[in-house]
Every structure is written in C-alpha cells, then in structure tokens.
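S.K.: Sharing a sequence plus its predicted fold:
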Amino acid sequence: MTAASRAHDSEPVAYTPFTPDTVQEHMDGVAAFLGGAANVIMQLSLRPVGRGVLESTVDSGKVTLHPVKRLRTTLTYLAVALMGTDEERVAYREAVNESHRPVRSTATSPVKYNAFDPNLQLWVAACLYWGIDDLHTRIHGPMAPAMAEAFYQYCARLGTTLQMRPEMWPADRAAFQRYWDENLATKSIEPELRRYFNDMIDLTMMPRPIRLTFARLQRFIVTGLLPQHLRDEMRLAWTARDEARFERTLRTIAAVHTRLPKQARMFPMNAYLLDMRVRRRLGKPLV
C-alpha cells in the first residue's frame with residue numbers, strides 16, 4: 001500500500017447531511033409508540049426533570065390527566081424537530097415555551113430546576129436520540145457508520161428546537177457514547193417518581209378495557225427497552241428468556257413494518273406534523 005493510499009484510508013468518510021425530507025426514510029411511527037414510555041422514564045431519571053414533572057402546575061400537560069393530548073404534543077414535537085421547517089420549529093418552540101414558563105422550582109422543592117435550563121434539555125434530547133437510534137437498530141439493523149454519524153449530527157435538532165445550544169451536543173457519536181455512559185450511571189429514581197412511572201406503565205389513567213388489554217404488554221416492552229441501570233432503579237426483573245422473547249417480538253414487528261409503504265411506516269408522525277400545520281394555519285393552539 002502506498003503512502004498516498006494509507007493517507008486516503010485514514011481520512012474520515014464523508015457523509016451527506018440529512019434534511020427534513022431525507023430524514024423521513026428513517027422515521028418509524030411504530031418506534032414512537034413502542035419507545036415512548038421507556039423514554040419518558042429515561043428523561044425523568046434526571047432528578048430536576050423528574051421533579052419538574054411531579055410538581056408541575058400545568059394540568060393541561062399532565063399525562064395522568066390528559067394522556068391523549070400528552071401523546072399528541074410529545075410526538076408532534078419529535079415530528080417538528082426532525083421533519084419541520086425552520087419556521088415551524090420556531091413556532092413550535094414558542095408554543096412549548098409558553099407551557100414551560102411556569103415549570104420552575106419553588107422554595108419547597110427538594111432540587112432546583114427550570115424547564116428552560118439547556119443542560120436539562122441536553123439530557124432530554126440525548127434520551128430521545130438514544131431511544132430512536134436503539135429502536136432503529138433493533139428493527140432495521142445498524143446504519144452504515146457514515147450514515148449513523150450524519151443522523152446523529154442531525155438529531156441535535158431534538159435539543160436546539162428548544163434552548164439547547166448547538167455546541168452543547170457532543171461532537172460525534174463516540175463523544176455522545178461517553179456522555180451517555182457517564183450520565184446514565186449517575187441516575188436514580190426516588191420512590192415518588194417510581195410510583196408515578198408504575199402508574200404510567202400500567203395505564204392507570206386510561207379506561208379499564210384499555211388497561212386490561214394493553215398494560216401487561218406495555219410493562220414488557222418498557223422493561224425491554226430500558227437500559228439495565230434504569231431497570232434496576234425501577235426494580236424491574238428481566239431474564240435472558242425475557243430478552244429472547246422480546247427480540248422475537250421486535251423481529252415480528254419489523255417483518256411487517258418494513259414492508260409497509262413509506263407513509264404508513266411514518267404514521268403517526270406524518271399525521272401529527274400535518275395536524276400541527278393545520279392548527280397553525282387556523283390559528284389554533286399548537287400545544
């Protein structure tokens with residue numbers, strides 16, 4: 001091998017940055033449904049974020065009171081952050097900011113927090129990216145390295161659509177993995193928050209027929225998608241047999257999902273993005 005060849009091989013592989021149009025090929029609606037509850041647990045395992053939710057006075061945004069609306073606003077945020085135009089991201093940021101404005105600690109709070117804290121938003125964005133990447137890998141297999149890096153860089157929008165500064169996003173996937181491992185290891189779940197999570201997992205806010213039909217399956221999926229550290233914090237048992245059954249379940253879902261047309265694979269993310277655009281055109285609240 002010549003010196004020129006060695007120099008060429010050592011150069012980083014170039015990648016084409018994603019756009020709101022090209023990222024749609026990697027948007028899985030089924031992943032949003034499967035991963036939602038587990039991702040909430042990851043996000044709220046950062047205590048200031050968890051306390052902000054537990055102590056929030058914004059009843060309209062509480063999953064325990066308005067689960068359908070909460071699902072809509074959360075998935076709409078993901079859709080706008082990843083597939084929306086810059087103008088739409090600004091509009092949705094303003095709407096979310098209005099909801100976040102009262103979310104700050106009081107004199108009686110056990111920990112200080114503010115929903116506008118970019119460090120808290122970095123952790124939330126990191127959880128969202130980790131969950132998207134984890135489920136995409138489980139369902140479709142790993143992306144090629146250059147594509148995976150391009151997708152990671154693009155996913156900074158999960159934080160910069162709010163107040164996270166671009167330079168706060170770890171520089172590359174290797175730096176992100178270090179950030180993730182170091183920060184995940186510090187997370188703990190206090191008893192009050194564990195009760196909140198268990199109620200959410202068991203769908204206690206939903207009508208009894210829905211609870212009886214889906215709660216057991218949701219507990220299985222949530223446990224399977226949580227990192228082991230958070231399974232331990234939630235006191236959730238998980239065996240090798242559970243893992244094998246979980247992987248078989250995901251393979252079955254993938255076998256069906258990957259054969260669907262693009263718009264069907266994207267649902268409901270594309271539907272929520274359209275809903276936001278209609279609401280904005282009609283002057284209705286976005287959140």
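M.R.: That came in fine, so what should we check first?
S.K.: Against F176, how distant is the residue nearest the centre of the chain?
M.R.: For the chain, the residue sitting closest to the mean C-alpha position, by C-alpha atoms, centre = their mean, is L128 at 2.7 Å. For L128, the distance to F176 (C-beta to C-beta, to the nearest Å) stands at 12 Å. Bear in mind the C-beta positions are built from the backbone N, C-alpha and C, glycine included.
S.K.: for H26, same thing?
M.R.: 17 Å.
S.K.: after the longest helix seen in the chain, next one along is what?
M.R.: The longest helix of the chain (DSSP state H) is helix 118-140. Note on helix 118-140: by DSSP states H and E, the next helix or strand toward the C-terminus is helix 145-154.
S.K.: so what does that next one touch, helix or strand wise?
M.R.: Under the contact criterion of 3 or more C-beta pairs under 8 Å, 6 or more residues apart in numbering; DSSP states H and E, helix 145-154 touches helix 118-140, helix 173-184.
S.K.: The first one vs helix 173-184, what angle?
M.R.: Taking axes from the mean of the first three to the mean of the last three C-alpha atoms, to 10 degrees, one finds helix 118-140 and helix 173-184 inclined to each other by 110 degrees.
S.K.: Mind listing what's buried along helix 118-140?
M.R.: Judged by neighbour count using 16 or more other C-beta atoms under 10 Å, the buried positions of helix 118-140 are 120-136, 138-139.
S.K.: In the stretch 1-150 of the chain, where is pLDDT below threshold?
M.R.: Scanning the stretch 1-150 of the chain for pLDDT under 70 picks out 1-14, 59-66.
S.K.: And the strands in it?
M.R.: Along the stretch 1-150 of the chain, counting by DSSP state E, counting those that start in this stretch, no stretch forms strands.
S.K.: quick one, helices of it?
M.R.: Assigned by DSSP state H, counting those that start in this stretch, the helices in the stretch 1-150 of the chain fall at 3-10, 29-44, 47-54, 67-83, 86-100, 118-140, 145-154.
S.K.: Just name the most buried of those.
M.R.: Comparing the helices of the stretch 1-150 of the chain by mean neighbour count (mean count of other C-beta atoms under 10 Å), helix 29-44 comes out on top with a mean of 22.
S.K.: Extract the C-alpha set from it and format it as PDB.
M.R.: This file holds the C-alpha atoms of helix 29-44, laid out as PDB (Å, rounded to 0.1, in the frame of the first residue of the first chain):
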ATOM      1  CA  GLY A  29     -44.100   5.600  13.800                       C
ATOM      2  CA  VAL A  30     -44.100   2.200  15.500                       C
ATOM      3  CA  ALA A  31     -40.900   3.100  17.300                       C
ATOM      4  CA  ALA A  32     -42.500   6.200  18.700                       C
ATOM      5  CA  PHE A  33     -45.400   4.100  20.100                       C
ATOM      6  CA  LEU A  34     -43.100   1.300  21.400                       C
ATOM      7  CA  GLY A  35     -40.400   3.600  22.900                       C
ATOM      8  CA  GLY A  36     -42.500   6.400  24.400                       C
ATOM      9  CA  ALA A  37     -43.000   5.300  27.900                       C
ATOM     10  CA  ALA A  38     -39.400   3.900  28.400                       C
ATOM     11  CA  ASN A  39     -38.000   7.200  27.000                       C
ATOM     12  CA  VAL A  40     -40.100   9.200  29.500                       C
ATOM     13  CA  ILE A  41     -38.500   7.200  32.300                       C
ATOM     14  CA  MET A  42     -35.000   7.900  30.900                       C
ATOM     15  CA  GLN A  43     -35.700  11.600  30.700                       C
ATOM     16  CA  LEU A  44     -37.200  11.900  34.100                       C
END
